[in-house]
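Colleague: missing the sequence, but the structure's below:
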């Protein structure tokens, strides 16, 4: 966004900050919050402090030391990220409503060195390999027409959480320790639910493969549609696992069916799909810019049973959806969902494919707004930068939504 256009939006930006962030505790903090947000929105290749400060000073021709002030606001000022994040979610709910899906994902930020908070050699889908990087878990809200970021939190690998000295140098609060990504995701979803974001939860196999994650979503009353690994095992939803064996002369009487015991066998989802080739059919899920988007899919009612041989009974009935591209020698993607049993195949496919929004948003969050441009090392600085980028993105998406309403017929 160029300086002239941003200047014309000063009133709208002030109103946005009033609703989302308030005063942040004092007028100076609020002033530099406004400046940092404008720095993110202004055209420019890098959205780190030094280049943003230079652009702002050129435009405003002020006497202040923009770089020092922005650095202090970002890295030392003690404003509460959680409160601002809550304000942002409440604002999004008012402006966009809550009738949509919520998308959990993780994304990587390539980073060299060992001192920047959370940096480690770890897998990132951003690069498709193990590399030195930071990784964040993100939560986004998507409707049929737009996507908005609700949350982004930095993941701390176990090696970081176990190194008290390094944690202290990066300013990580003592109460913050290691949490698997799926536990971070659950906490983020629960906070967002407090602002009304209770739609279908979408996630990839990093999260969906974790049994506890799916069970906790169900316990929270959430509907989910999640990717899974091909190795997870299933049985048919109506499978007869046999009677409970009679009690022996000694020992504890059995309580589980005969099919739930050490050594019990069940197919993994890949084997299940390979044995049901005739069930696959073409489904179109939406029209894209290059025409109809379609693929080959099949769905069955199953019960997750990958711990059957350990004596654990299968989980509750759910959908197994499998995508098998035409011409491929095996399926490509697998999903579990607890959508109702009467859900059509087309609806299942549409839900699974709704995750496309996340890649759309990352392009703008990173390439245009600089989510991955933070150059500091501290926990506070990273979290401050992330929530300010989410705010800038929400502000832009609201401008676009408003314009669409003005030009739409009727």
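Modeller: Looks like it arrived, so ask away. If you're wondering where the values come from, they're calculated on a predicted model, not measured in any experiment.
Colleague: mind checking which helix or strand the residue nearest in space to the middle of the chain is in?
Modeller: Among the residues of the chain, residue 104 comes closest to the average C-alpha position under C-alpha atoms, centre = their mean, at 2.5 Å. Secondary-structure element containing residue 104, defined by DSSP states H and E: strand 101-110.
Colleague: Whatever helix or strand comes next after that strand pairs with which strands?
Modeller: Using DSSP H and E, the helix or strand that directly follows strand 101-110 along the chain is strand 120-124. Strand pairing for strand 120-124, determined by DSSP bridges: strand 129-142 (antiparallel).
Colleague: Just the buried residues of the partner strand, please?
Modeller: Residues of strand 129-142 classed as buried by neighbour count (16 or more other C-beta atoms under 10 Å): 131, 132, 133, 134, 135, 136, 137, 138, 139, 140, 141, 142. C-betas here are computed from N, CA, C, even on glycine.
Colleague: Same question for stretch 23-37.
Modeller: Buried-residue list, stretch 23-37, by 16+ other C-beta under 10 Å: 24, 29, 30, 32, 33, 34, 35, 36, 37.
Colleague: now swap in stretch 66-76 and tell me
Modeller: 66, 67, 69, 70, 71, 73, 74, 75.
Colleague: So what's the model's average confidence on that stretch?
Modeller: For stretch 66-76, mean pLDDT is 96.
Colleague: again with stretch 39-55
Modeller: Mean predicted confidence for stretch 39-55 is 95.
Colleague: End to end on it, go ahead and measure it.
Modeller: Its start and end residues considered, stretch 39-55 measures 7 Å (C-alpha to C-alpha, to the nearest Å).
Colleague: And for that stretch, what's in contact with it?
Modeller: Here stretch 39-55 makes contact (C-beta atoms under 8 Å, 6 or more residues apart in numbering) with 1-3, 6, 36, 56, 59, 66-67, 69-71, 74, 369-370, 373-376, 388-389, 392, 395-396.
Colleague: For ChimeraX, what selects the buried ones among these?
Modeller: Filtering the contacts of stretch 39-55 down to the buried ones (16+ other C-beta under 10 Å) takes a single ChimeraX command:
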select :1,6,36,56,59,66,67,69,70,71,74,369,370,373,374,376,388,389,392,395,396
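Colleague: In the chain, where's the longest helix?
Modeller: helix 379-407 (DSSP state H).
Colleague: where does it sit relative to the chain's centre, distance-wise?
Modeller: Centroid separation for helix 379-407 versus its chain: 16 Å, with C-alpha atoms, centre = their mean, to the nearest Å.
Colleague: got it, and stretch 373-390?
Modeller: The answer for stretch 373-390 is 17 Å, by C-alpha atoms, centre = their mean.
Colleague: And residue 401, how close does it get to residue 362?
Modeller: 19 Å (C-beta to C-beta, to the nearest Å).
Colleague: Looking at those two, which has the bigger crowd around it?
Modeller: Neighbour count, other C-beta atoms under 10 Å: between residue 401 and residue 362, residue 362 has more, with 19 against 15.
Colleague: partners of residue 333 in the sheet?
Modeller: Beta-bridge partners of residue 333, as defined by DSSP bridges: residue 323.
Colleague: these two touch, right, it and residue 322?
Modeller: Yes - using C-beta atoms under 8 Å, residue 333 is in contact with residue 322, at 7.2 Å.
Colleague: So for these two, which sits in the more crowded spot?
Modeller: Using other C-beta under 10 Å, the more surrounded residue of residue 333 and residue 322 is residue 322, with 23 against 17.
Colleague: Going along the chain, name the strands of the protein.
Modeller: Assigned by DSSP state E, the strands in the chain fall at 101-110, 120-124, 129-142, 147-154, 201-203, 224-227, 234-236, 281-288, 291-304, 318-323, 333-337.
Colleague: quick one: contacts of stretch 280-287?
Modeller: 292-298, 322, 324, 326, 345-346, 349-350, 353.
Colleague: mind listing what's buried in that stretch?
Modeller: So stretch 280-287, judged by 16+ other C-beta under 10 Å, has buried residues 280, 283, 285.
Colleague: What part of this protein, helix or strand, is modelled with the least confidence?
Modeller: Between all helices and strands in the chain, the lowest mean by mean pLDDT, DSSP states H and E belongs to strand 281-288, at a mean of 88.
Colleague: roughly how far is it from the heart of the chain?
Modeller: 24 Å.
Colleague: Check stretch 126-145 too.
Modeller: That offset, for stretch 126-145, works out to 7 Å (C-alpha atoms, centre = their mean).
Colleague: still on that earlier bit, ok, the residue nearest to the centre of the chain to residue 140 distance?
Modeller: 8 Å.
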